[in-house]
Every structure is written in structure tokens, then in C-alpha cells.
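> No letters, just coordinates:
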DNA sequence: CGGGATCCGATTAGATACTG
DNA sequence: CAGTATCTAATCGGATCCCG
């Protein structure tokens, strides 16, 4: 398939951009990218910043981001081992946008919290739609 | 707990903004919000636009977004039933940002695709990190 | 048309233990 | 330190059936 034929429309099922979108905007991808915005970080530094990630998930996320060319992984052979992660140029552009999203959402949270409370008291407390609760 | 004490830092585990972030930036939330940007839509219209959603997932997503006060659901009693979904004001602000993210990602996709190809041929084809593949 | 209820397999994610 | 491997529990998500 020729290069020009590739279409990257997220709305289309089976579009190649969907899995990328999910790593990038997913729970851990989003936070990891944002955490890397202020420079290079080591694995356990990132673990501390992205509160709640398991080693496994952080490792998976970083590998996927590296594959997408958004993060670079640099190994400095030494004892103790030192592995550093940083954003590439495209990574920086995407992370900037993700940060804007985070900040907007945080700014809207007071209103959202109120809306949730209103919704929950109006409805039967039993059947509140479940949001992802991980 | 008083209103001022609430902190909405996504980086903190157990922060109330995390589940919201996940509905909004999650696979279906993102596309649903973006699809609603150009106006009111009915359930099955949305299903067609958000290619690949099941009824169940679309329904869940819409309810969660409604609970967060980002989407309004209006029922017009009639035969056949007519239910319309549209964005609220906060919903519109967030959807705008999500659309920016989508457009940025789509613009970066050529580079990302190349990076993936390079990564996959460099590494053993067996152990390519898995992205969500749904 | 617009869903809710249920069933069930496939994934995901976390805990834990282990390694270079 | 920086992970990988393994096991298990939770969840996701599609299919199906049903109803107003």
C-alpha cells in the first residue's frame, strides 16, 4: 500500500491511529507523557510521579511510547543501572496538548463534581453509571 | 469535607479527576465527545459516527458523560422514540480540546507510523510491545 | 428507535517474586 | 536500579434477547 493511501481518521474503525491514541490518551500514557514534559526522568522517578502505576504498566507504556517514537530510552551502563526516558520532538508536541487537556479538565472539575452530586441524588443511588474505577 | 479542600490533581492516586479523565479521554468518550461537537445527535447516529462502538459501550459512555454534566440527554416522547444528545457548555470546552488532540495526533501519524516500522524491524518481530488492539 | 439485562469469553491490570 | 515472569482478579466489551 502506497504511503499516500494511508488514512489516519480516528473515527474509522481499524484506523492505525486508534491504538496510538489509546496509548497516548490512556490512563498511564497520558500521565507518563505529561510527567516527562519537564525533562529526563528515570524509571523509578516516573513511578513516583505517576502515582499508582505498577512497574508492569509503566514498563509497557514506556515501551509502547518508545515504539511510537514519542519517547526515547537511554541506557547508561553503570552500577547501579541508570535508564533515562525523555520526550522526542513529536512527543513534546503531543505532551503539550495532553497537558492542556489535563489543565482544562482540572479547571472544570468543580462543576463536574457538582453535576455528579446532583445526578447521584436525583437518581436511585444504586444505579449510578459506573466510570472506570481503577 | 469543605469545598476548598478538594484537590483535583490527576497525578495523585485516588484523585476524583482520574475517573473523569478516563471517561473523557478513553476510547469511546473521546470519539463520542468529538462527534457531538457539530450539534445534536441521536443514539444510532452516534453509533454510526463512532465506528465500532457497541450499543452497550455507547450507552455506558453517554450515561457517564451525562453524569459528569458534559452531555445532555433529551427524550422526545414519540413513536418511534427520539432521544437526542448534545454537549453542555463545559462539554463543548472539553470536546474542543479533545478535537485539537485528535487533529494533532493525526498530523503526527506519518512520523509515528515510520517510527513503529523502524522499531519493529530493528527488534525481534516477536517481542514488539503490544498496544491496545481492540 | 433507544435502549436495559444478562451471559460469557478475552483482556487488562495489579501483586508478587525473581534477575542482571 | 530497572526491569521481566507469572499468577490471578477484575473488567471490558460483544452478542443476544427483550421491552416500551
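Received it, and whenever you're ready, just let me know what you need. Quick caveat: nothing in here was measured; it's all calculated off a predicted structure.
> which helix of chain A spans the most residues?
Ranked by residue count, the top helix of chain A under DSSP state H comes out as helix A:89-122.
> Briefly note if that helix comes near chain B.
Yes. Helix A:89-122 is in contact with chain B by CB under 8 Å from any CB of the partner chain, via A:90, A:93-94, A:97-98, A:100-102, A:104-106, A:108-116, A:118-120. (Each C-beta comes from the backbone N, C-alpha and C, glycine too.)
> ok, now stretch A:38-52?
Yes. Stretch A:38-52 reaches chain B (CB under 8 Å from any CB) through A:49, A:50, A:51, A:52.
> Neighbour-wise, give me the winner out of those.
Counting neighbours by other CB atoms under 10 Å in any protein chain shown, residue A:50 leads the residues of stretch A:38-52 next to chain B with 24 neighbours.
> And the longest helix of chain A, what's buried?
Within helix A:89-122, the residues scored as buried using 16 or more other CB atoms under 10 Å in any protein chain shown are A:90-91, A:93-95, A:97-98, A:101-102, A:104-106, A:108-109, A:112-113, A:115-116, A:119.
> and the residue nearest to residue A:82 when sequence neighbours are not counted, what is it in contact with?
Counting by CB to CB, 6 or more residues apart in numbering or on different chains, residue A:82 lies nearest to residue A:76, which is 4.3 Å off, once chain neighbours are set aside. Counting by CB atoms under 8 Å, 6 or more residues apart in numbering or on different chains, residue A:76 touches A:82, A:83, A:84.
> do residue A:13 as well
Residue A:13 is in contact with B:51, B:52, counting by CB under 8 Å, 6+ apart.
> so which strand or helix has it?
Residue A:13 belongs to no helix or strand when assigned by DSSP states H and E.
> hey, what's residue A:87 bridged with?
As for beta bridges, residue A:87 partners with residue A:71 under DSSP bridges.
> thought it was touching residue A:35?
No. Taking contacts as CB atoms under 8 Å, residue A:87 lies outside contact range of residue A:35: 10.1 Å.
> May I have the secondary structure class of the residue nearest the centre of chain A?
With distances taken as CA atoms, centre = their mean, residue A:30 lies nearest the centre of chain A, 1.6 Å away. Put simply, residue A:30 is helix when judged by DSSP: H, G, I helix; E, B strand; the rest coil.
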